[in-house]
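[1] 3D, please:
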Amino acid sequence: MRFVGIDVHKVNCQICAFDDVTGEILEKRIPTTAPSLQEFFKGWEPCRILIEAATESEWVARVLERLGHEVIVADPNFAPMYATRDKKVKTDKRDARALMEATKLGAYRKSHRVSDVQRTVRRRLAVRDALIGSRSKMINTARAVTRQDGYRVPSGEAETFHLRVRAMEIGQEVKDVLAPLLGAMEELTEQIALCDEEVVAIGQSKETQLLQTIPNIGPITSVAFVATLDNCERFPGARNASSYLGLVPSEFSSGEKRHRGAITKRGNARMRWLLVQAAHGIMRKETVANKPLHNWARAVEMRGGKNVAVVGLARRLGRVLFAVWSTGLPYDERRVQPRKVVLEPAM
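    Numbering: from 1, shown residues only. Predicted coordinates for the structure are as follows:
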């Protein structure tokens with residue numbers, strides 16, 4: 001059997017293959033294209049191939065699997081996978097050889113491969129994020145231009161920003177300068193609205209509707225949560241899901257010393273941002289549904305400050321989302337029993 005390690009990059013990939021029968025090692029660099037991979041592996045007996053999880057890994061794995069090979073997409077953060085590589089000398093050739101050795105030894109940790117449905121949802125959310133980011137930059141630029149002449153744009157929703165600027169009584173020169181920016185902003189707003197309609201349509205599924213029973217969780221957050229985790233059954237519990245989202249404190253402990261720092265911020269940044277925004281909404285206004293979470297967050301705020309409370313509430317929301325999804329039961333504020341927190345500020 002052949003054991004193969006492939007160091008995949010955007011333009012080229014480095015291949016290292018070992019034949020355990022003949023002991024022969026084959027090393028080659030080829031373009032990262034489907035035809036090149038098909039040509040190189042054409043006629044090979046089924047072999048075991050190891051590649052790192054990256055942007056190109058999924059389509060590369062599918063091309064090789066269609067040729068009959070076993071493909072393992074591995075977590076690049078698993079240190080033992082590179083145990084045979086010299087830490088002071090790093091090249092693509094050495095990386096491919098280290099991956100090949102890891103394939104032989106079984107020294108790898110499989111990375112979760114997202115389902116086709118959720119891969120498409122993630123792409124839609126990524127496009128939506130890019131459009132919103134571009135519009136935000138345009139809004140900041142327009143505000144800066146108007147402020148240079150002593151004007152301030154009235155506050156309001158981002159969707160109506162271009163309308164508020166056009167309604168202002170400002171000089172013709174400033175209007176002419178902002179005209180192309182406002183036109184592009186109007187077009188972006190229309191495209192974002194279309195993206196939102198698509199996400200809302202996706203959010204009509206049973207599981208996302210279930211998540212939307214939680215306070216301050218709408219279609220965007222519920223769809224993003226399902227797309228990020230893909231399958232709740234792959235996590236043993238809510239704590240593991242929180243860790244996957246990067247919402248647990250980092251820790252550096254040894255012996256008798258224990259130090260816990262800021263959250264790890266590992267995983268999907270979009271999902272963390274959405275949970276933080278939902279936490280802000282819960283802290284801003286108390287309702288019957290969010291009262292247990294609101295009171296818990298306010299108590300934490302008195303002890304550690306607003307930022308600590310918001311992040312802590314975002315982590316708790318992530319766990320509530322996971323619990324609702326995994327149990328299949330809608331949110332019920334009577335079942336939310338956060339740990340008791342002393343209301344008085346710590347001395």
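[2] all helices of this protein, in order?
    34-41, 57-66, 92-105, 116-147, 161-166, 172-202, 206-211, 219-229, 238-244, 269-284, 291-304, 306-327 (DSSP state H).
[3] for V174, which non-adjacent residue is closest in space?
    D149 (5.6 Å; C-beta to C-beta, 6 or more residues apart in numbering). In this view, the C-beta of every residue, glycine as well, is placed from N, C-alpha and C.
[4] now do the nearest residue to D19 once chain neighbours are set aside, the pLDDT please.
    Spatially, and ignoring its direct neighbours in sequence, D19 is nearest to R2 (5.3 Å; C-beta to C-beta, 6+ apart). The model reports R2 with a pLDDT of 93.
[5] any idea which of the helices of the chain is most buried?
    helix 219-229 (a mean of 24; mean count of other C-beta atoms under 10 Å).
[6] against which helices or strands is that one packed?
    Helix 219-229 is packed against helix 116-147, helix 172-202, helix 206-211, helix 269-284, helix 306-327, with contacts defined by 3 or more C-beta pairs under 8 Å, 6 or more residues apart in numbering; DSSP states H and E.
[7] chain center to it: distance?
    10 Å (C-alpha atoms, centre = their mean, to the nearest Å).
[8] please apply the same query to stretch 261-275.
    Distance of stretch 261-275 from the chain centroid (C-alpha atoms, centre = their mean) equals 8 Å.
[9] which outside residues touch it?
    Residues from elsewhere that reach stretch 261-275 (C-beta atoms under 8 Å, 6 or more residues apart in numbering): 125, 129, 220-221, 224-225, 228, 243-252, 311, 314-315, 317-318.
[10] quote the end-to-end distance of that stretch.
    Start-to-end span of stretch 261-275 (C-alpha to C-alpha, to the nearest Å) is 20 Å.
[11] give the burial count for the residue nearest to D19, as a bare number.
    21 (other C-beta atoms under 10 Å).
[12] which residues does it contact?
    So R2 contacts A17, F18, D19, D20, W44, E45, C47, R48 (C-beta under 8 Å, 6+ apart).
[13] now those residues in CSV, with pLDDT and distance to V199?
    CSV is the format used below for the contacts of R2 (pLDDT from 0 to 100; distance: C-beta to C-beta, whole Å):
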residue, pLDDT, distance to V199
A17, 96, 43
F18, 95, 46
D19, 93, 49
D20, 89, 49
W44, 93, 42
E45, 93, 45
C47, 95, 41
R48, 96, 39
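[14] which among those residues end up buried?
    A17, F18, C47, R48 (16 or more other C-beta atoms under 10 Å).
[15] quick one: these as CSV, columns for distance to E157 too.
    Converted to CSV, the buried ones among the contacts of R2 look like this (distance: C-beta to C-beta, whole Å):
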residue, distance to E157
A17, 57
F18, 60
C47, 56
R48, 54
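[16] next one: phi and psi at the residue nearest to V174?
    phi -110, psi 20 (degrees, to the nearest 10).
[17] if we can go back for a sec, and the contacts of R2, which is closest to A96?
    A17 (9.2 Å; C-beta to C-beta).
[18] give the contact list for the closest one.
    Per C-beta under 8 Å, 6+ apart, neighbours of A17: R2, F3, V4, G5, I25, L26, E27, C47, M100.
[19] can you tell me which of these are in strands?
    Using DSSP state E, the subset of the contacts of A17 located in strands is R2, F3, V4, G5, I25, L26, E27.
[20] list the residues that contact the fifth one.
    For I25, the contacting residues are C16, A17, F18, D19, M100, by C-beta under 8 Å, 6+ apart.
[21] okay, V342: pLDDT?
    So V342 comes in at 44 (pLDDT).
[22] got it, and V200?
    pLDDT, read off for V200, is 89.
[23] for R113, same thing?
    Reported pLDDT for R113: 93.
[24] could you chop this protein up by domain?
    2-105, 116-202, 206-335 (automatic domain parsing).
[25] got the contact list for stretch 316-328?
    With C-beta under 8 Å, 6+ apart as the test, stretch 316-328 has contacts from 207, 210-211, 213-214, 216-217, 222, 225-226, 229, 232-233, 235, 237-239, 241-242, 245, 247, 275, 278-279, 282, 293, 296, 330-331, 336, 338.
[26] any idea how far it is from the chain center?
    On C-alpha atoms, centre = their mean, the centre of stretch 316-328 falls 18 Å from that of its chain.
[27] rewinding a little: out of the ones in strands among the contacts of A17, grab the one that's most surrounded.
    G5 (28 neighbours).
[28] nearest residue to it other than its sequence neighbours?
    Closest to G5 by C-beta to C-beta, 6+ apart is L99, at 2.7 Å.
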